[in-house]
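Asks: fold the stuff below for me.
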Amino acid sequence: MISELGIIVLAGGLSTRMGTDKTRLPWGSTTLLGEMLRKAVLTECGEILVSINRELEESEAHIIEEARSFGRHIQLVPDTIAMKGPLSGLQSALSVGTREAYIVVSADMPWFSFHWLPSWEVHIDAFLQGELLAMVPYVGLQEYEPLAAIYKRSVLDTIQESLEGEDVSMHGVLDKIPYMEMDMIEEAELYSNVNTRLSYKLAKAKSANRERSVPIVTISASQSKSGKTAVATSLINRLSQRGIVVGMVKSDGHGFSMDQEGTDTWKASQAGAKAVAIAGPNGYAMVVHGESMQRQQQLIRLANEMPVDLVLLESRSHGVAPIIEVVRANHNDIRLQQLEDIVAVVTDIDDTLDGNTICEQFSFSDEDMDRLADWILKELL
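Replies: Below you'll find the predicted structure:
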């Protein structure tokens, strides 16, 4: 039974690649750790342990107190062996745990959920009665995820042995124990973690788009005549070829007019109509005058009202995350300031096009539009 399992949330890592404690990073109304705790308390698992070596943030403490008010106890467990990574956290938690087996999950997996538990209950029951020591997700491409697996407490001896040696990796433990494979290829996204600033930015961008009525990707540049429209129209073409219905919203800082003098809608506007619209057999349009809403809010509202799968928003200074910045060699001295929102650049500067990242952003050339279109579909939606 699922209630026989416990949950161990690993939140005591060093976060060396992130450069800061990633479990403290904001996620929704809480942190990455807080979000994982919210999910854990909604399960039927009987015990929740948190491997952690810091004080709780206010939002995290609130979640724990709220859980306790519903009769769910969450125990905080510090490492007994320092500087040994997640393995030392698992060793400490298993040492104080009372359940026969635990779902062990790292707090840096924002997409992880426990929705798969009911469908695996029969396999879990067989596992608890058998000789195997772990159930480990297989996510494809010969990759297993030991930091989101189920372990019996009897694996503790092997963990302690590993901590005394040179290899303190979770994969090293798996090499020493019998385990069963969980086919989770179709659920591979659950196991995506955030180890770098860039992976965190991409996760936030994807989360924002999934909460919107219509996903948005901004195409922006610090200066005009950078080729934003060329990039946008090229992406529209390629995304449409992939079956995506695309809309475009353009921000115009100089003002615009869609009406012609003398038309009925122009006359209505001149008479004081705040909004005018026209519809015909080939489409419809609406113009709203003098709205006090901030430009960014206007752009988001327009995007939300479009009957499309994805909106490309073209703007110099009012874009919303995620932003793809267009950077040109002839005016590279000024860049956009929204560094936390920029996830990629399109550029003609050759030394940035090495297939890696620059300034924590992916880089693409103008000839890379097919690759960029595929990347948008995979990383931002």
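Asks: from here on, contacts and neighbour counts on C-alpha atoms
Replies: Fine.
Asks: let me know the outermost residue of the protein.
Replies: Gly262 (50.1 Å; CA atoms, centre = their mean).
Asks: check the residue lying closest to Glu181 once chain neighbours are set aside and give its pLDDT.
Replies: Excluding the flanking residues, the one nearest Glu181 by CA to CA, 6 or more residues apart in numbering is Val136, at 5.2 Å. What the model reports as pLDDT for Val136 is 98.
Asks: give the buried residues for the host helix or strand of Val136.
Replies: Assigned by DSSP states H and E, Val136 belongs to strand 134-140. Buried residues in strand 134-140, counted by 16 or more other CA atoms under 10 Å: Ala134, Met135, Val136, Pro137, Tyr138, Val139.
Asks: what's the least confident helix or strand in the protein, going by average pLDDT?
Replies: Ranked by mean pLDDT, DSSP states H and E, the helix or strand of the chain with the weakest confidence is strand 357-358, at a mean of 46.
Asks: alpha carbons only: can I get the next helix or strand after it in CSV?
Replies: Next along the chain after strand 357-358, taking DSSP H and E as the criterion, comes strand 361-364. The C-alpha trace of strand 361-364 is given here as CSV (Å, rounded to 0.1, in the frame of the first residue of the first chain):
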residue,chain,number,x,y,z
GLN,A,361,21.5,32.2,-22.7
PHE,A,362,21.4,29.8,-25.7
SER,A,363,22.7,31.4,-28.9
PHE,A,364,21.5,30.9,-32.5
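Asks: moving C-terminal from strand 361-364, which element do we reach first?
Replies: helix 369-379.
Asks: other SSEs contacting that following helix?
Replies: Counting contacts by 3 or more CA pairs under 8 Å, 6 or more residues apart in numbering; DSSP states H and E, helix 369-379 packs against helix 197-211, helix 228-241.
Asks: hmm, who's touching stretch 129-147?
Replies: 104-106, 127, 148-152, 154-155, 170-171, 174, 177-188, 191 (CA atoms under 8 Å, 6 or more residues apart in numbering).
Asks: Provide the strand pairings for the strand holding Val136, with the direction of each partner.
Replies: The pairing partners recorded for strand 134-140 under DSSP bridges are strand 143-144 (antiparallel), strand 148-152 (antiparallel), strand 179-183 (parallel).
Asks: closest to Thr23 out of these?
Replies: strand 148-152 (15.5 Å; CA to CA).
Asks: for the closest one, the averaged confidence score.
Replies: The model assigns strand 148-152 a mean pLDDT of 98.
Asks: convert it to PDB, retaining C-alpha atoms only.
Replies: C-alpha atoms of strand 148-152 as PDB (Å, rounded to 0.1, in the frame of the first residue of the first chain):
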ATOM      1  CA  ALA A 148      13.700  10.300  -7.700                       C
ATOM      2  CA  ALA A 149      13.500   6.600  -6.900                       C
ATOM      3  CA  ILE A 150      12.100   4.300  -4.200                       C
ATOM      4  CA  TYR A 151      14.600   2.800  -1.800                       C
ATOM      5  CA  LYS A 152      14.200   0.300   1.100                       C
END
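Asks: surely Lys39 and Trp111 touch.
Replies: No. Counting by CA atoms under 8 Å, Lys39 stays clear of Trp111, with 10.5 Å between them.
Asks: shaky segments in the stretch 151-300 of the chain?
Replies: Residue ranges of the stretch 151-300 of the chain with pLDDT under 70: 253-257, 290-293.
Asks: that one: helices as residue ranges?
Replies: For the stretch 151-300 of the chain, the helices defined by DSSP state H, counting those that start in this stretch occupy 156-163, 170-174, 197-211, 228-241, 264-270, 295-304.
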